[in-house]
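Engineer: fold the following.
(chains A, B, C and D)
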Number of protein chains: 2
Amino acid sequence: MPPTGSPAEPPAGPADHRPGKTPETRPTSKDVARLAGVSQSTVSLVHAGKWPGRVSERTVRAVNEASAALGYRPNQAARHLRLGTTRTVLLVVPALTNPFFGAVHTGASEAAARRDFSVVIYPSRIEAGTERAPFASPFAAAHTALDGVLASSTAVETLSELLGSTGPGPGLPLVMLDSEPGVGPATVNVDVAAGMRDLVGHLLDLGHRDFGRLTPHIDGWTFTARENAFRTALAGVPGTRSTRARTHFTVHDAAEAALTLLDRPDRPTALVCDDDVLAAGAYKAARQRGLRIPEDLSVTGFDDLIIATVMDPELTTVRLPAHRLGADGMSALLDLLDGRRPQDQSLPAELTVRGSTAPPPART
Amino acid sequence: MPPTGSPAEPPAGPADHRPGKTPETRPTSKDVARLAGVSQSTVSLVHAGKWPGRVSERTVRAVNEASAALGYRPNQAARHLRLGTTRTVLLVVPALTNPFFGAVHTGASEAAARRDFSVVIYPSRIEAGTERAPFASPFAAAHTALDGVLASSTAVETLSELLGSTGPGPGLPLVMLDSEPGVGPATVNVDVAAGMRDLVGHLLDLGHRDFGRLTPHIDGWTFTARENAFRTALAGVPGTRSTRARTHFTVHDAAEAALTLLDRPDRPTALVCDDDVLAAGAYKAARQRGLRIPEDLSVTGFDDLIIATVMDPELTTVRLPAHRLGADGMSALLDLLDGRRPQDQSLPAELTVRGSTAPPPART
DNA sequence: ACCAGGAAGTCATACGTATGACGGCAAGGA
DNA sequence: TCCTTGCCGTCATACGTATGACTTCCTGGT
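Structural biologist: Residues are numbered from 1 along each chain as shown, chains lettered A, B, ... in the order given. All right, here's what the predicted structure looks like:
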């Protein structure tokens, strides 16, 4: 037996063990380099766009052609490893079944894409019973190291509970959306107080003095802010009155809660609901009692979801800029990642008057 | 000057250049190894759970304690690079503002999490004007190599256009949801035909013979299937008639389209709408013409979105199992990734009778 | 003639993990 | 006593990219 090894066999130290080795491997920068007749470094330089005097234009062309020919796409895992960054941020929202957060996501994604970042969404209500220690949590769910977090309408406590155990808590760039200003590193939120003030002003102008309030059971900064703003708005006006009913976040529960308000001897002339869904419940209750909207009863919502225009009459509500919330929040987060310190921001909420409000019925 | 270099300086070949070197670096498996007094290999072995005779229990404990102490979390980028897999799949949906797809996402995410996969969602309508050649597209958006794709309610052409240029087309595991069976590698869809058949049966039983159809302008397998099923259902019954109006996917447009149907001399007694949103438009039109639902006009929807219960009266519609669609679709995709060949699946659609249907008014 | 300086590339390395091959060591059989 | 057989770990390496240091070549100034 001749002492010759395989002809082109590389030295192959004691442990050369590549994984799976699929028959169809994707081209790497090395393949591009070979085809273009340059070194791998050059390929990398070209793709990074860093050749203000390092690579000739002729070579750039060659590399680009070779890349195109092979259909080369850089291996993100390798980049992430090398660069120590993933250009990915997590967007935490309460639920995806609410279109409001779909809009937030869209706004955030668009802003992120412009800076070549991408967004992974995490609905915090996903029941996690099946998660496995010790790497569970959104971070595991994202399956990627994250460069930052954007949290919408989530309590800080919930969030830190969510991220706390596994996430690099204090060090992780974080922007809170639609949450209490001043808490957390940076916040972008909606001026719901102003929206509520305008809304109540509108009702007062119409002549309403007896109010019913429909608010959700769940806590959350926005809802507290809405309630406070409502009270403040009434405080300045003599002769006003209001009663509050709390409800779960469903149409049916809201309808029942609304009934308790409508069945009071001193029935309110206007129902101010903290969300459009609750307003839908109010509509239902009104119909059950034979009250016409808006002639007998004015109803208002909040958020301006699609259902506001589905309802009949169309709902007077306060529009929240969901898309912009996501976009501006992402901008703030990117600023934070750049080392700049974004300042807290407040977005306007816009009163949208439709058909569900009118002067109160004449006293009987 | 003594020839002594720095005391513990490693050999340091000609090019030892680590990137950024943040002051606060996350612990790596090497750090854990040092603390536990073992080698990095051992740490890796332990975390992989592969020690049926390679690592003693005492060592396992030590490693786990060290990991916990340091708050170690494995670097995903490094794993991805080494393993050649990301355990991430892309979910393509038409839009996130439709709660239906939120439910699909939830179902898919839950199923994925059970197998330690994660889901990145991509709304295909995101306008891509700002994307940069040559690595644009969902793949760039996902910012990660993908192990597979789940595409919901998307035409194959649209999808391949989306993925085609950059994605590894034919090789990428792909499951289509709610789309034409037989096209593409594997599909999971809803038996909308049966749903429509039941729905029409319900209306026929009530005595309706004159129908109006409200269908969306956009194409898509489901809508074609719904229309065909509707026609088939009527075909067997003598004396039936139907007129169709097409509309954009908004309440207002649908209302206008519905008006054209209601203003015909042979006004239909039932409006069969291909989506709950369109049904909302029909409600609006009916009210404009002073028609009561369901006494003067029956209206039906499709999908069973939240708005179906917001409307008054509540809408008779066909419920589609969005959550299960996502879950089963993900299962199929994971099967595909395991090398198994999932068979096409069809999920049941359930007729949900509420208050918007009744016998037609007596002939005048 | 010689060197400074710039332009164009290449070299070598590290990022953090996973894993096949290999090495001690103790127990037990011959 | 010596060899075999497991058990417990460690070694060395590769995954694909990005980048500081280095080399080579060329032009032009003195």
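
Engineer: quick one: the strands in chain A?
Structural biologist: A:88-93, A:118-123, A:148-152, A:174-177, A:186-190, A:210-216, A:241-247, A:270-273, A:298-300, A:317-319, A:345-347, A:350-352 (DSSP state E).

Engineer: partner strands of the fifth one, parallel or antiparallel?
Structural biologist: Sheet pairing for strand A:186-190, assigned by DSSP bridges, gives strand A:174-177 (parallel), strand A:345-347 (parallel).

Engineer: what parts of chain A come near DNA strand C?
Structural biologist: Within chain A, the positions lying close to DNA strand C (Cβ under 7 Å from any atom of the strand) are A:14-15, A:17, A:19, A:37-42, A:45, A:53-56, A:58-59, A:78, A:81-82, A:84. All C-beta spots, glycine's among them, are computed from the backbone N, C-alpha and C.

Engineer: how near is the residue nearest to residue A:291 when sequence neighbours are not counted to chain B?
Structural biologist: With sequence-adjacent residues excluded and distances taken as Cβ to Cβ, 6 or more residues apart in numbering or on different chains, residue A:291 is closest to residue A:297, at 4.7 Å. Distance, residue A:297 to chain B, using Cβ to the nearest Cβ, to the nearest Å: 14 Å.

Engineer: next: residue A:278.
Structural biologist: Distance, residue A:278 to chain B, using Cβ to the nearest Cβ: 11 Å.

Engineer: was I right about that residue contacting residue A:301?
Structural biologist: Yes. Counting by Cβ atoms under 8 Å, residue A:278 does reach residue A:301; the two are 7.2 Å apart.

Engineer: what about stretch A:325-343, distance to the chain center?
Structural biologist: 14 Å (Cα atoms, centre = their mean, to the nearest Å).

Engineer: and the residue nearest to residue A:218 when sequence neighbours are not counted, what does it touch?
Structural biologist: Once flanking residues are discounted, residue A:218 sits nearest to residue A:249: 6.7 Å by Cβ to Cβ, 6+ apart. By Cβ atoms under 8 Å, 6 or more residues apart in numbering or on different chains, the residues touching residue A:249 are A:216-218, A:275, A:277-278.

Engineer: could you dump those residues to JSON lines with pLDDT?
Structural biologist: Below are these laid out as JSON lines (pLDDT from 0 to 100):
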{"residue": "A:216", "pLDDT": "92"}
{"residue": "A:217", "pLDDT": "87"}
{"residue": "A:218", "pLDDT": "81"}
{"residue": "A:275", "pLDDT": "94"}
{"residue": "A:277", "pLDDT": "93"}
{"residue": "A:278", "pLDDT": "95"}
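
Engineer: now, those residues that are in helices?
Structural biologist: A:277-278 (DSSP state H).

Engineer: among the strands of chain A, which gets the worst mean confidence?
Structural biologist: Mean pLDDT values for the strands of chain A show the minimum at strand A:118-123, a mean of 86.

Engineer: just checking, what packs against that one?
Structural biologist: Counting contacts by 3 or more Cβ pairs under 8 Å, 6 or more residues apart in numbering or on different chains; DSSP states H and E, strand A:118-123 packs against strand A:88-93, helix A:99-114, helix A:137-142, helix B:99-114, strand B:118-123, helix B:138-142.
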